[in-house]
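Enquirer: got a predicted model here, sequence first, then my questions.
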Amino acid sequence: MFTRNFLNNIKMFGFIQYVTLGCDCYKHARDRMSRVAVGWTQMQTQTTSLRAAAS
């Protein structure tokens, strides 16, 4: 009885770790994506202003 309970606890712990890891990965990916988006927008704005200045 004790061992089955113990194994279930380990399984649950592993599951929680897995979910936490997944959330972390998702957060990192989302942060990276938003940084890329911000950088891209800034680049676009600079290009536009350069083009406007050149014309």
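Expert: Sure, I can see it.

Enquirer: ranges for the helices of the protein?
Expert: 2-54 (DSSP state H).

Enquirer: low-confidence ranges in it?
Expert: For the chain, residues meeting the criterion pLDDT under 70 lie at 1.

Enquirer: can you do 80?
Expert: Low-confidence regions of the chain, defined by pLDDT under 80, span residues 1-2, 55.

Enquirer: now stretch 10-23 - C-alpha only, PDB.
Expert: Taking C-alpha atoms only, stretch 10-23 is exported to PDB below (Å, rounded to 0.1, in the frame of the first residue of the first chain):
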ATOM      1  CA  ILE A  10       6.300  10.500  -7.700                       C
ATOM      2  CA  LYS A  11       4.100  10.400 -10.700                       C
ATOM      3  CA  MET A  12       2.200  13.400  -9.600                       C
ATOM      4  CA  PHE A  13       5.400  15.200  -8.800                       C
ATOM      5  CA  GLY A  14       6.800  14.400 -12.300                       C
ATOM      6  CA  PHE A  15       3.500  15.600 -13.800                       C
ATOM      7  CA  ILE A  16       3.700  18.900 -11.900                       C
ATOM      8  CA  GLN A  17       7.300  19.400 -12.900                       C
ATOM      9  CA  TYR A  18       6.400  18.600 -16.500                       C
ATOM     10  CA  VAL A  19       3.600  21.200 -16.500                       C
ATOM     11  CA  THR A  20       5.800  23.800 -14.800                       C
ATOM     12  CA  LEU A  21       8.600  23.200 -17.400                       C
ATOM     13  CA  GLY A  22       6.000  23.500 -20.200                       C
ATOM     14  CA  CYS A  23       4.700  26.800 -18.800                       C
END
